[in-house]
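**Q** I would like to see how this sequence folds:
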Amino acid sequence: MPDFDNTPYAYNSLIENADNKHVASSQNVYSNDLTGNIVYLNGTNLTININQALPGSNDPALQNKPLYVVYANKDGMINLHVSADTVRPLVIYYLGATVNYNPSSSGIYRGVIYTPNAQLWVNENRADFRGSIYAKTFYSQVSGTYVYKAYSDNKSSGGSSIKLVDDDE
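**A** I've put the predicted structure just below:
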């Protein structure tokens, strides 16, 4: 597992620097709720609905800058529904046990899903994923397209590259 301790990508560092915080018993968020650079979410279960391009996707200064979503409830689960192109990269950071990724045929996920302790389930048709996935286990029940892409971020001086790969590589 990549070690992000003492980096800008450390779990606690991301939570501390979140500029958009939502704490609720359960959460259902949509693309337009994901504002800022780092979104902190904490609830029993989380449903993320990518129903349009992410905020900042039309801004040349933000278009390629990743938007981070940190889900803090390790006992909850994430249901990720993607029915549109994120355009802007989305990095989901979750240390819990279950992620259900539900892409539609028109959805394009660009970014990173970092869930090192989770089972990640792909449930619907024709996933179009452009980025990287780091999960304990990955199950796909359908066909899809998965293209590796590294996303740069300027969180550290000179920029850095987010690249999550299998420990064996």
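**Q** Give me the spatial nearest neighbour of Y146, chain neighbours excluded.
**A** Nearest residue to Y146 in three dimensions, chain neighbours excluded: F129, at 4.8 Å (CB to CB, 6 or more residues apart in numbering). Any C-beta I mention is one placed from the backbone N, CA and C, and that applies to glycine too.
**Q** Please list all residues in contact with that neighbour.
**A** P103, I108, Y109, G144, T145, Y146, V147 (CB atoms under 8 Å, 6 or more residues apart in numbering).
**Q** That one is in what secondary structure piece?
**A** strand 127-140 (DSSP states H and E).
**Q** Likewise for W121?
**A** Residue-wise, W121 maps onto strand 109-122 under DSSP H and E.
**Q** Packing partners of that strand?
**A** Packing partners of strand 109-122 (3 or more CB pairs under 8 Å, 6 or more residues apart in numbering; DSSP states H and E): strand 77-82, strand 90-94, strand 98-103, strand 127-140, strand 151-153.
**Q** distance between that strand and the chain's centre?
**A** Taking CA atoms, centre = their mean, to the nearest Å, the mean C-alpha location of strand 109-122 is offset from the chain mean by 7 Å.
**Q** Okay, now the sheet partners of it, with direction.
**A** Strand 109-122 pairs in its sheet with strand 90-94 (parallel), strand 98-103 (parallel), strand 127-140 (parallel), by DSSP bridges.
**Q** Quickly compare the ones you listed and say which is most buried.
**A** Among these, the stretch with the highest mean neighbour count (mean count of other CB atoms under 10 Å) is strand 90-94, at a mean of 24.
**Q** Can you name the residues in contact with it?
**A** Contact with strand 90-94 is made by 9, 11, 14, 34, 48, 50, 54, 66-71, 78, 80, 99, 109-115, 118, 151, 162, as judged by CB under 8 Å, 6+ apart.
**Q** Quick one: low-confidence residue ranges for the protein.
**A** Applying pLDDT under 70 to the chain picks out residues 1-4, 23-26, 124-125, 151-169.
**Q** Okay, angle between the strand holding W121 and strand 77-82 too, please.
**A** 130 degrees (axes from the mean of the first three to the mean of the last three CA atoms, to 10 degrees).
**Q** mind checking the end-to-end distance for stretch 85-105?
**A** 11 Å (CA to CA, to the nearest Å).
**Q** cool, stretch 64-77 as well?
**A** End-to-end distance for stretch 64-77, by CA to CA: 27 Å.
**Q** Next, the buried residues of it.
**A** Across stretch 64-77, burial judged by 16 or more other CB atoms under 10 Å covers K65, P66, L67, Y68, V69, V70, Y71, A72, N73, G76, M77.
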